[in-house]
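Asker: Following is a predicted model, sequence given first.
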Amino acid sequence: MSDNINIPHLAKLARLSLSQEQHQAAKLDLANIVAMIDTMQAVETDGIVPMAHPMDATQRLREDEVTESVDVDKLQATAPATEAGYYLVPRVVE
């Protein structure tokens, strides 16, 4: 599988300048990564339910409650033009 890894092409895409030693190390590292992925893909996963998180944890959520209110009329009092609670602006798209 490591014969298929084109290190000079990957280095060019990443804009890296690799020495021959770094080239060989990168090729070995990528070959090991690909081998690990191949091993993981060979694992039988039929009937396994996907998890959103590795720990069986739930988030402690608080109840939604209104804590502040906004006086729309007061906020819109200084606006040049409003209608039904909306700000009116000049049309910019024909």
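Answerer: Perfect, thanks for sending it.
Asker: And the strands in this structure, which stretches?
Answerer: Using DSSP state E, the strands of the chain run over residues 82-83, 86-87.
Asker: which neighbours does the last one have in its sheet, and in what orientation?
Answerer: Read it as strand 86-87. In the sheet, strand 86-87 lines up against strand 82-83 (antiparallel) (DSSP bridges).
Asker: Contacts made by the strand it pairs with with the rest, please.
Answerer: For strand 82-83, contacts defined as CB atoms under 8 Å, 6 or more residues apart in numbering pick out 76, 88. Where you see a C-beta, it was placed from the backbone N, CA and C, and this is true even at glycine.
Asker: and of the strands of the chain, who's closest to residue 43?
Answerer: Among the strands of the chain, the nearest to residue 43 by CB to CB is strand 86-87 (55.8 Å).
Asker: Make CSV out of the strands of the chain and add mean neighbour count, mean pLDDT and distance to residue 8.
Answerer: Shown next, in CSV, are these (neighbours: other CB atoms under 10 Å; pLDDT from 0 to 100; distance: least, CB to CB, whole Å):
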stretch, mean neighbour count, mean pLDDT, distance to residue 8
strand 82-83, 11, 92, 63
strand 86-87, 11, 92, 57
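Asker: could those strands be laid out in JSON lines, adding distance to residue 36?
Answerer: Formatted as JSON lines, the strands of the chain follow (distance: least, CB to CB, whole Å):
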{"stretch": "strand 82-83", "distance to residue 36": "61"}
{"stretch": "strand 86-87", "distance to residue 36": "56"}
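Asker: ok, the residue of the chain most remote from its centre to residue 14 distance?
Answerer: If you look at how far each residue of the chain sits from its centre, by CA atoms, centre = their mean, the farthest one is residue 77, at 41.2 Å. Going from residue 77 to residue 14 by CB to CB, to the nearest Å gives 57 Å.
Asker: what sits against the residue nearest the centre of the chain?
Answerer: Central residue of the chain (CA atoms, centre = their mean): residue 52, 14.7 Å from the mean position. Going by CB under 8 Å, 6+ apart, residue 52 touches no other residue.
Asker: so how far is residue 60 from it?
Answerer: Using CB to CB, residue 52 is found at 16 Å from residue 60.
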